[in-house]
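>>> Okay, here's the prediction I keep looking at, along with the sequence it came from:
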Amino acid sequence: MPIPTPHITAKAGDYAKTVLMPGDPLRAKFIAENYLENPVKVNGVRGMLGYTGTYNGKPVSVQGSGMGVPSIGIYSYELFNFYEVDNIIRIGSAGALDLNLELGDIVLGMGACTDSDYAKQYHLPGTYAPIASYELLRKAQGAADLVGKPVTVGNVLTTDLFYADASETLKYWVKMGVLAVEMEAAGLYMNAARAGKNALCMCTISDICFTDQAMSAKDREKSLTDMMEVALTMLLMD
């Protein structure tokens with residue numbers, strides 16, 4: 001497909017090799033304006049904002065993905081396959097399934113269980129296990145250690161359902177040691193695998209499942225500074 005695409009108006013070379021990808025486009029705007037040096041807006045189609053700048057001299061882009069596997073599936077596919085992006089780091093929020101996690105904790109998704117049918121397109125003769133890039137996972141752990149921000153590494157659940165008819169099904173994933181639930185990682189990991197690229201899901205716990213503990217929408221947009229510090233420190237570890 002030629003660029004610009006139907007979803008991204010950027011030209012060739014407008015994106016850096018590494019893209020930070022929050023779900024909320026307003027979070028992308030906040031990150032660009034508060035963390036990046038000389039940010040330039042490279043996308044605004046459908047309000048899905050994208051920016052490119054530098055961090056301590058290192059080129060980096062930030063691009064909103066929207067919510068759910070279909071949405072991040074479109075944006076990550078186009079970035080990997082049409083814009084020559086090598087690394088996408090999802091920086092989002094998740095609901096804790098493991099009750100040892102607290103609001104604001106950072107989870108690195110080593111693997112992504114899912115109830116999505118996204119893998120059916122590959123016609124695999126079995127069940128595919130979406131996993132993070134070890135290179136990015138190793139860097140994220142190292143960056144967290146360097147800046148003194150604790151992280152928890154393990155399986156997350158990527159679900160297609162925010163409002164599930166049988167919400168008690170989340171409890172079955174708890175029994176298998178799944179740490180948290182979100183809506184994008186598995187699709188991102190599959191797109192990365194198919195393209196031969198790298199992906200990592202890094203999430204801040206914004207609510208605790210099975211309780212009434214939750215961050216506000218404003219907090220989700222602007223209070224994820226620990227996760228951002230870890231993600232940006234990764235850029236300096238090449």
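In hand now; what should we look at?

>>> Show the subsequent helix or strand relative to the lowest-mean-pLDDT helix or strand in the chain.
Least confident helix or strand, the chain: helix 217-222 with a mean of 64, by mean pLDDT, DSSP states H and E. Per DSSP states H and E, the first helix or strand lying C-terminal to helix 217-222 is helix 225-234.

>>> Helices along this structure, start to end?
Applying DSSP state H to the chain gives helices spanning 25-35, 69-82, 134-147, 170-174, 185-195, 217-222, 225-234.

>>> would TSV of those with mean neighbour count and distance to residue 59 be doable?
(C-beta placed from N, C-alpha, C; glycine too.) Putting the helices of the chain into TSV (neighbours: other Cβ atoms under 10 Å; distance: least, Cβ to Cβ, whole Å) gives the following:
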stretch	mean neighbour count	distance to residue 59
helix 25-35	19	13
helix 69-82	22	14
helix 134-147	17	16
helix 170-174	15	38
helix 185-195	25	20
helix 217-222	14	24
helix 225-234	22	12
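
>>> Please report phi then psi for the nearest residue to residue 162 once chain neighbours are set aside.
Leaving aside its chain neighbours, residue 162 sits nearest to residue 183 (6.9 Å; criterion: Cβ to Cβ, 6 or more residues apart in numbering). Dihedral pair for residue 183: phi -130, psi 10, per degrees, to the nearest 10.

>>> Quick one, grab the pLDDT at residue 169.
Residue 169 carries a pLDDT value of 87.

>>> show me the residues around it that make contact.
If you count contacts by Cβ atoms under 8 Å, 6 or more residues apart in numbering, residue 169 has none.

>>> ok, now how distant is it from residue 84?
40 Å (Cβ to Cβ, to the nearest Å).

>>> Repeat that for residue 203.
Using Cβ to Cβ, one obtains 26 Å as the distance from residue 203 to residue 84.

>>> Which of the two has more residues huddled nearby?
residue 203 (26 against 12; other Cβ atoms under 10 Å).

>>> nearest spatial neighbour of the spatially most central residue of the chain, skipping sequence neighbours?
Residue closest to the mean C-alpha point of the chain, counted by Cα atoms, centre = their mean, is residue 90 at 1.6 Å. Nearest non-adjacent residue to residue 90, counting by Cβ to Cβ, 6+ apart: residue 201, 4.4 Å away.

>>> burial count for the one you found?
The number of residues packed near residue 201 is 32, by other Cβ under 10 Å.

>>> Same question for the one 4 residues further on.
If you count neighbours by other Cβ under 10 Å, residue 205 ends up with 26.

>>> That one touches residue 98, doesn't it?
No: the pair residue 205 / residue 98 is not scored as a contact, 9.4 Å apart, by Cβ atoms under 8 Å.

>>> list residues touching both of these two?
Contacts common to residue 205 and residue 98, judged by Cβ under 8 Å, 6+ apart, are residue 180.

>>> so where's this structure uncertain?
Residues of the chain that meet the criterion pLDDT under 70 lie in 1, 167, 220-223.

>>> who touches the residue nearest to residue 90 in this structure?
Counted by Cβ under 8 Å, 6+ apart, residue 201 has contacts 90, 92, 108-109, 112, 132, 156, 182, 184-185, 188-189.
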